[in-house]
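A.B. asks: Sequence first, then the predicted structure, then my questions.
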Amino acid sequence: MATVTTSSPATLQPCTHTSRHGVARYCPSPLPWRRRWSYGRMTTRATASSHGQPSATGGWVEAPAGDAAAAGEEGDSIRRLQNGPDVRGVALEGEKGRPVDLTPLAVELIAESFREWLREELQRPAGEELRVSVGRDPRLSGARLSAALFAGLARAGCSVFDMGLATTPACFMSTTLPRFNYDASIMILLQMTASHLPYTRNGLKFFTKRGGLTSGDVEDICDRAARKYVARKMGFGVGGMPPVVMRVDLMSAYAQHLRDIIKQRVAHPAHYDTPLKGFKVVVNAGNGCGGFFTWDVLEKLGADTTGSLHLEPDGTFPNHMPNPEDATAMSLTRDAVLANGADLGVVFDTDVDRSGVVDGTGAAINGDKLIALMSAIVLDEHPGTTVVTDARASDGLTRFIASRGGHHCLYRVGYRNVIDKGVQLNTDGVETHLMMETTGHGALKENYFLDDGAYMVVKIVIEMVRMKLAGLEGGVGSLIMDLEEPAESVLLRMNILGEPKYAKQRGTMAVEAFKEYIQEDKLSGWVLDDCGDCSVGEGCLVDTNDHPNDVDAYMYRAKLYNENKRPLGMVHVRQSVHNPNIALNMQSYVPGGCKYMAMDLHKRFLLASGVNDFVDISEVEKFVK
Ligand SMILES: O=P(O)(O)OC[C@H]1O[C@H](O)[C@H](O)[C@@H](O)[C@@H]1O
């Protein structure tokens, strides 16, 4: 069995202490939080735009101490909207105990700050035009937040282009497709995962031609917005002209771009323009933005899409969450595939940066299976390439990639972390064509390192047609027949108790305590598999990159071995990227293994270490009973 280590020799090196199994491994001390927050600042920076003039040069305005302190508190609530590389918050009333914090004013100030950041980033002279597009998903608060973005961008001197309902990857493409070629794009949306968030929430995601902004960039923008908020509270920056916004049809151009790729790469010998003639494909858009793929991509290429589901955008998501991790979404799609004798089913998330598929036999291909399918396709095109995934992926996936000659780099959770790792590996000379999260976010080097669910499906559709043309039976599902799956997989969440502002520190303490318990041999049988910051394979490797990316959340992976040194299962412990909780992902190699591991951790770690004083372990207790 080949377990492959992954990673750039230039950035990763073996760790230095030895585990009880004799494997060299180890862990860096935790990186300090890279916060640059400045609470209670008395000096505030206000731009000339605060007075309604488009300018980005800025100046310093002294605020009376009392006013600034009061406004500073609320300014902090704007800083807290930064969530990894996104802005996220509550945009509508309706959540008990969670007031609206993603207000139109906050969004307007974030837009102004984005413009200021963008000008510096692109090193453009103060007066030069910046062209920014805005798209949104069907959430109920989308229109109101669009208006706030338009106002903020226009006030700051941008030319604003409204794309209306759009997908997130299409927003990025508006910065590269020749007819549009905008300097930047903002998408109003909320990513939803298994821990899906209610309809009251919303968020912002930012792109330049270089791709999505990093956590540090968004932190910078929110910090500027918080300071503008102080100035605004003192009466600066009110007024200005109503924004002039140009409406543009980006989605048609993006769909055409996807159609062209399918036509060119299939190059059908009999009907070039309709390569999908004779294929049935069912799409489940979950009432998000993915419906366009049915009528504007598949049907125009000749496919029969009868039986497709939930194509109309509806921000209340009345059927199920648009999410390829959602069991209802996958099972309804499976039913539709079987009922219509379709060759393929496609499931998109709300904004189409994630996807999953169902093969012609009704088998769901999401999570590890989707990564395996994409790896099989990409490894055929790029033999020996490295595939980066988050460290929740199974050992079976590592073996699958290795068996096809590839290398598997396991990295931190968070699609941005996974993509950034792939970018870094390529820069370091390690050819890395695929970066995928188990959540369904997938990015390819050939497609701007952009996580695009529709592009992933485009690759799968091309493979499906090529297989048929080559006379290969079994459809795309046959490409992953030998993927080994864990006997059981369980995800438990432990809420971090106390004030939300201390949650990150407490979460870090709990996760670090887990690592230390293993290192200090207080958890015999458990062996650290990875340092969260690095790659797994022949032991743990430390990321020695001189410029590592900001850590959003600490995480460790460990395996439990029995007395015969056979692994029983694996646990991945980490802080949630977005919420004050710790996620415990367990995979067992034997039936009953997850419960056994949870019982062991409950008794010998959660209770023994005192972590239960600040972490709610009731879900674990319920599971082990
Ligand atoms: O930390 P969690 O709450 O489990 O969420 C983790 C997920 O958060 C977001 O949705 C990101 O887009 C994903 O890349 C990440 O995997």
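C.D. replies: Arrived safely, thanks for sending.
A.B. asks: What is the host helix or strand of Ala106 packed up against?
C.D. replies: Ala106 is part of helix 104-122 when elements are defined by DSSP states H and E. Here helix 104-122 touches helix 65-79, strand 130-136, helix 142-155, strand 184-188, strand 201-208, helix 215-233, going by 3 or more CB pairs under 8 Å, 6 or more residues apart in numbering; DSSP states H and E. (Glycine included, C-beta is placed from N, CA and C.)
A.B. asks: And Ile261, its phi and psi?
C.D. replies: According to degrees, to the nearest 10, the main-chain angles of Ile261 amount to phi -60, psi -40.
A.B. asks: Spit out the contact partners of it.
C.D. replies: Ile261 sits next to 458, 462 when contact means CB atoms under 8 Å, 6 or more residues apart in numbering.
A.B. asks: what does Asp395 give?
C.D. replies: By CB under 8 Å, 6+ apart, Asp395 lies in contact with 3, 484, 486, 570, 587.
A.B. asks: Of these, just say which sits nearest to the ligand.
C.D. replies: Taking CB to the nearest ligand atom as the measure, the ligand sits nearest to Gln587 out of the contacts of Asp395, at 15.7 Å.
A.B. asks: That closest one belongs to a helix?
C.D. replies: No. Gln587: not assigned to a helix; according to DSSP: H, G, I helix; E, B strand; the rest coil it is strand.
A.B. asks: For it, give the beta-bridge partners.
C.D. replies: With DSSP bridges applied, Gln587 shows beta-bridge pairing to Ser489, Met570.
A.B. asks: For burial, what's the neighbour tally of it?
C.D. replies: Burial of Gln587 is recorded as 25 neighbouring residues (other CB atoms under 10 Å).
A.B. asks: Let me know how buried the residue lying closest to Leu397 once chain neighbours are set aside is, in neighbour terms.
C.D. replies: Among residues not flanking Leu397 along the chain, Asp368 sits closest, at 4.8 Å (CB to CB, 6 or more residues apart in numbering). Counted by other CB under 10 Å, the residues lying close to Asp368 total 24.
A.B. asks: what pLDDT does Asp368 get?
C.D. replies: pLDDT for Asp368: 97.
A.B. asks: what's the next secondary structure element after the helix or strand hosting it?
C.D. replies: Per DSSP H and E, Asp368 falls inside helix 367-381. Of the helices and strands lying after helix 367-381 in sequence (DSSP H and E), the nearest is strand 386-390.
A.B. asks: rewinding a little: how about the contacts of Asp395 in CSV, adding distance to Gly406 and pLDDT?
C.D. replies: Output for these, formatted as CSV (distance: CB to CB, whole Å; pLDDT from 0 to 100):
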residue, distance to Gly406, pLDDT
Thr3, 12, 32
Glu484, 16, 97
Pro486, 20, 97
Met570, 21, 94
Gln587, 21, 97
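A.B. asks: what's near enough to touch the residue nearest to Leu397?
C.D. replies: When contacts are taken as CB under 8 Å, 6+ apart, Asp368 is in contact with 393-394, 396-397, 438, 483, 485.
A.B. asks: Secondary structure element for the nearest residue to Leu523 once chain neighbours are set aside, which one?
C.D. replies: In space, not counting the residues next to it along the chain, Leu523 is nearest to Tyr517; the distance is 5.0 Å by CB to CB, 6+ apart. Applying DSSP H and E as the criterion places Tyr517 in helix 503-519.
A.B. asks: Is Phe207 bridged to anything, and to what?
C.D. replies: Applying DSSP bridges to Phe207 yields these beta-bridge partners: Ser185, Gly212.
A.B. asks: For the helix holding Asp368, which residues meet the burial criterion?
C.D. replies: 367-379 (16 or more other CB atoms under 10 Å).
A.B. asks: now stretch 503-523
C.D. replies: Buried positions in stretch 503-523, judged by neighbour count with 16+ other CB under 10 Å: 503-504, 506-515, 517-518, 523.
A.B. asks: Same check on stretch 600-608?
C.D. replies: Burial within stretch 600-608, assessed by neighbour count using 16+ other CB under 10 Å, is assigned to 600-602, 604-606.
A.B. asks: which ones among those are found in strands?
C.D. replies: Where the buried residues of stretch 600-608 are compared with strands, as defined by DSSP state E, there is no overlap at all.
A.B. asks: follow-up on the earlier one: from the ligand, how far out is the residue nearest to Leu523?
C.D. replies: In this view, Tyr517 and the ligand are 22 Å apart by CB to the nearest ligand atom, to the nearest Å.
A.B. asks: my guess is that residue meets Ser609, correct?
C.D. replies: Yes. With contact defined as CB atoms under 8 Å, Tyr517 counts as touching Ser609 (6.1 Å).
A.B. asks: Okay, strands next: where are they in the stretch 451-600 of the chain?
C.D. replies: If you assign secondary structure with DSSP state E, counting those that start in this stretch, the strands in the stretch 451-600 of the chain sit at 488-495, 526-530, 541-543, 555-561, 567-575, 581-588.
A.B. asks: out of those strands, nearest to Thr305?
C.D. replies: Among these, strand 488-495 comes nearest to Thr305, with 32.2 Å by CB to CB.
A.B. asks: List of residues touching the closest one?
C.D. replies: Where contact means CB under 8 Å, 6+ apart, the residues beyond strand 488-495 that reach it are 194-195, 394, 510, 569, 576, 580-588, 591-594, 598, 615-617, 619-620, 623.
A.B. asks: and that strand, does that touch the ligand?
C.D. replies: No. Applying CB under 6 Å from any ligand atom, one finds that strand 488-495 is not in contact with the ligand, the shortest distance being 8.0 Å.
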